[in-house]
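*Asks:* Got a predicted structure plus its sequence, pasted below:
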Amino acid sequence: MNRFIIGQYGSFDDKKYKRDFKEGFFGIEACLFSHEHDIANLVKEAKQVGFQIGVHFPLRAGISKHRDAQFLSSDRTVRLQAYDLIQRELDFLATINPFYVLFHYPKPVILDERVDWSKWRFEDPSEYEYETSYSFTDFKETSEILFAWLSQKGREYNFTPILELDGLNKYIYNDHFFKHLLEKYSDIRLCLDTARLFLQDQLDPFFDSKLVIKKYARFADTIHLSNVQITDDNRIQKSRYPVLPNQNPIDGWAPIEEYLSIIIQENKNIKIMFEHRSDLVSDEELWECYNWVNQLFA
């Protein structure tokens, strides 16, 4: 289980840490901590126990109006503000020395107007733009600039930049430019979110989650692992649920075992971040979740 990571969001929750974190786990991914003392407790525990810290940008809550940096915005001023925001957070993180820093990509999300995105969770309209107003040429240009900058910052601050795939359009899943960027800037890695991939699979008739996983798994360093149950009329029944072997896709659950099998074929060294609500299950079920995933990688 030395590939396993748990999440801590909003604070260093000691109760969750003691229940969810097991001996030999790789680390903790932290995001949006509201108080300095929580950051200090995380760093102290990491040094004492010997686990790694990953940061889901930003580590500190309240440093910006929205969580995600809009580094691909069609508005140049917004893009520059996003880079400045990341720079200031990297300066703060320098003393913490995180193993990786993760950002959602693309941000803003580029939406295919043929798709009903009403079930996709956006905090603010600034988080998305439409294909018709954001050309593929512009998207490639802003992405190349981002990759070059993040790659340089990763070397400068000694962390692995990770891009978590958000909502995707044909610029990503139908073209090879993104794959070429990942090959060119090989120090930048990906995060695949199983719940998000499955949700888009259900909402978007032009999207195939399994093909996307197969295409990009070799470039990934982490999986955000949780399950989601979606009804036939695309209502989300259960979200961020711990993965369990009895969750049958026939009942609307994501095909987690199939997803992981595809990933393992392409990249067996990937890390698993359990981005789930462990409070939804018993201690026995949580342990079953860990054991089942561990056995799949055996």
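*Replies:* Now that the structure is in, tell me what you want to look at.
*Asks:* what's near enough to touch residue 297?
*Replies:* 3, 260, 264, 268 (C-beta atoms under 8 Å, 6 or more residues apart in numbering). Any C-beta I mention is one placed from the backbone N, CA and C, and that applies to glycine too.
*Asks:* For the residues you listed, which PyMOL command selects only the ones that are buried?
*Replies:* This is the PyMOL syntax for the buried subset of these, where burial follows 16 or more other C-beta atoms under 10 Å:
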select buried, resi 3+260
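*Asks:* Closest one to residue 74 out of the contacts of residue 297, please.
*Replies:* residue 260 (36.4 Å; C-beta to C-beta).
*Asks:* Need the phi and psi values for the closest one.
*Replies:* Dihedral pair for residue 260: phi -70, psi -30, per degrees, to the nearest 10.
*Asks:* Same check on residue 64?
*Replies:* Dihedral angles (degrees, to the nearest 10) for residue 64: phi -150, psi 170.
*Asks:* Leaving out sequence neighbours, find the closest residue to it.
*Replies:* Leaving out its chain neighbours, the residue that sits closest to residue 64 by C-beta to C-beta, 6 or more residues apart in numbering is residue 85, at 5.4 Å.
*Asks:* Confirm residue 29 sits in a helix?
*Replies:* No. Counting by DSSP: H, G, I helix; E, B strand; the rest coil, residue 29 is located in no helix; its state is strand.
*Asks:* Now that it has come up, it's in contact with residue 274, right?
*Replies:* No. Contact criterion C-beta atoms under 8 Å: residue 29 and residue 274 do not qualify, at 9.4 Å.
*Asks:* intersection of neighbour lists for these two?
*Replies:* Common neighbours of residue 29 and residue 274 (C-beta under 8 Å, 6+ apart) are 5, 6, 7.
*Asks:* residues contacting the last one?
*Replies:* Shown in contact with residue 7 (C-beta under 8 Å, 6+ apart): 28, 29, 30, 31, 56, 273, 274, 275.
*Asks:* element containing it?
*Replies:* Assigned by DSSP states H and E, residue 7 belongs to strand 4-9.
*Asks:* And the strands in the stretch 51-200 of the chain?
*Replies:* Using DSSP state E, counting those that start in this stretch, the strands of the stretch 51-200 of the chain run over 52-56, 100-105, 109-111, 128-130, 160-165, 189-193.
*Asks:* now the ones you listed as a markdown table including mean pLDDT?
*Replies:* What follows is those, written out as a markdown table (pLDDT from 0 to 100):
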| stretch | mean pLDDT |
| --- | --- |
| strand 52-56 | 98 |
| strand 100-105 | 98 |
| strand 109-111 | 97 |
| strand 128-130 | 97 |
| strand 160-165 | 98 |
| strand 189-193 | 98 |
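*Asks:* mind putting those in JSON lines, distance to residue 71 and mean neighbour count included?
*Replies:* Formatted as JSON lines, the strands of the stretch 51-200 of the chain follow (distance: least, C-beta to C-beta, whole Å; neighbours: other C-beta atoms under 10 Å):
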{"stretch": "strand 52-56", "distance to residue 71": "15", "mean neighbour count": "23"}
{"stretch": "strand 100-105", "distance to residue 71": "8", "mean neighbour count": "24"}
{"stretch": "strand 109-111", "distance to residue 71": "12", "mean neighbour count": "22"}
{"stretch": "strand 128-130", "distance to residue 71": "13", "mean neighbour count": "18"}
{"stretch": "strand 160-165", "distance to residue 71": "10", "mean neighbour count": "23"}
{"stretch": "strand 189-193", "distance to residue 71": "16", "mean neighbour count": "22"}
